[in-house]
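Asker: sequence and predicted structure, then a few things I'm wondering about:
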Amino acid sequence: MTGASAQPPARFVQIDDEGYFKFGDTRVSDAEAGLELMRAMRLDDTGRLITELQGTQAFVEAFDEPLVVAQILATDGESLQLQMPYGHTDRALASKLTLDEWDRFHGTTEKGLSFVLSRKAQAELFSLADEFSDTSITLKGREIALPNWLPDSSNVENERFWSEIYETEPTPGWDLGGPSPALKDILPQLKLPKSRVLVLGAGQGHDAAFFASQGHLVTAVDMSPNAEAGFRKHYPHQENVTYIVSDLFTLPAKMHHSYDVVFEHTCFCAINPAKRNQMVKVWRNVLAEDGHLLGIFMIQNPRQGPPFGSSEWELHQRMKKGWDFLYWTRWKKSAPRRMGRELVVYAQKKPL
């Protein structure tokens, strides 16, 4: 009797902060090979970034945007002709440009891939412009508004927004029906002593229950009472978990400096993006001195959400001043629908 054939292992290729492909620590320097990978790059039906590698599909793990524009070749005021590494060219509508909080320009090509301008390309854009300000740029007499790269989305701050999803979807899209596979893999490697763990945006508590099953004292927080009800249903006899229904941005002062580990999983991508710096402050506020953040972050492109897009570059910018990064890696053994999207970060709080 012949058993079912095993699925071939997933393949991965990285893109560094300058827009060049890498295999591990080795940058692809061959222009022809790099151009072939870039021309084949696309989003699949689920929005994951993929390319073709020796005739097989490979997941693309971009540190920043998938495309980093090396040069702006021309503009007619309506569109931009862009050149990326390896000589790859594409076009983009100028009207789709956005500006992030670090004053970097982002956009989307005609093929639907997002890009960021390099410093050189941004200087070229300014030299081509008739005029520019913090909110607009004028090209060939066309004034183009520059919205925020990540829009303010205050609707997700409403408890009813999330509670209604639980009421209409038995298993919401973010719910894996159990703890994160990445958490189950990495927690034994960390060899944490018995710790006070805070799980923010805990949902139905799968991750919180897993921490508790490993001997930790867990506090789970979610703003939806329906999320707590799901936890009580799935884990009626789980000990060592205190579940609090609260907005994570209004936690009482008694919770400050009270936890050894704060755990992040599909919460950072769900909050209003305008509050991301505030969320980093929440992590610091709740952690004891020398406490740790363990995060499984969703790295993806969509500006609209939830889930809202983010990049490794963005996370590094937001955290680089107050954290020592002990572990930072793209996860290779994710659940199928998250393959190529998960970043695991283990960082220690340090004085500012």
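Answerer: Everything's here; your move.
Asker: low-confidence ranges in the stretch 51-200 of the chain?
Answerer: Regions of the stretch 51-200 of the chain meeting the criterion pLDDT under 70 are absent.
Asker: helices of that one, start to end?
Answerer: Taking DSSP state H, counting those that start in this stretch as the test, the helices found in the stretch 51-200 of the chain are 119-128, 159-168, 181-190.
Asker: the stretch 201-350 of the chain now?
Answerer: 206-213, 225-234, 276-286, 312-319.
Asker: tilt between the biggest strand by length in the chain and helix 206-213?
Answerer: Ranked by residue count and defined by DSSP state E, the top strand of the chain is strand 287-298. Angle, strand 287-298 to helix 206-213, by axes from the mean of the first three to the mean of the last three CA atoms, to 10 degrees: 130 degrees.
Asker: so what strands line up beside strand 287-298?
Answerer: strand 259-265 (parallel), strand 342-349 (antiparallel) (DSSP bridges).
Asker: returning to that earlier point: for the helices of the stretch 201-350 of the chain, which one ends up most surrounded?
Answerer: helix 206-213 (a mean of 23; mean count of other CB atoms under 10 Å). No exception for glycine: its C-beta is placed from N, CA and C like everyone else's.
Asker: ok, and what's touching that one?
Answerer: Around helix 206-213, the neighbours that count as contacts under CB atoms under 8 Å, 6 or more residues apart in numbering are 175-180, 183-184, 187, 197, 199, 202, 218, 220, 231, 234-235, 238-241, 243, 263, 265.
Asker: same deal with stretch 310-329?
Answerer: By CB under 8 Å, 6+ apart, the residues outside stretch 310-329 that reach it are 17, 62-65, 100, 102, 186, 268-269, 276-277, 280, 284, 292-293, 297-300, 343-350, 352.
Asker: next: stretch 9-23.
Answerer: 24, 27-28, 34, 37-38, 51, 53, 56-64, 66-70, 84-86, 118, 313, 330, 332, 339-340.
Asker: could you do stretch 142-160 as well?
Answerer: 77-78, 94-95, 97-101, 104-106, 134-138, 161-162, 223-225, 247, 270-276, 303-306, 308-309.
Asker: buried subset of the residues you listed as a PyMOL selection?
Answerer: Of those, the buried ones can be selected in PyMOL as follows, counting by 16 or more other CB atoms under 10 Å:
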select buried, resi 77+94+97+98+99+104+105+106+137+161+162+223+224+270+271+272+273+275+276+303+305+306+308+309
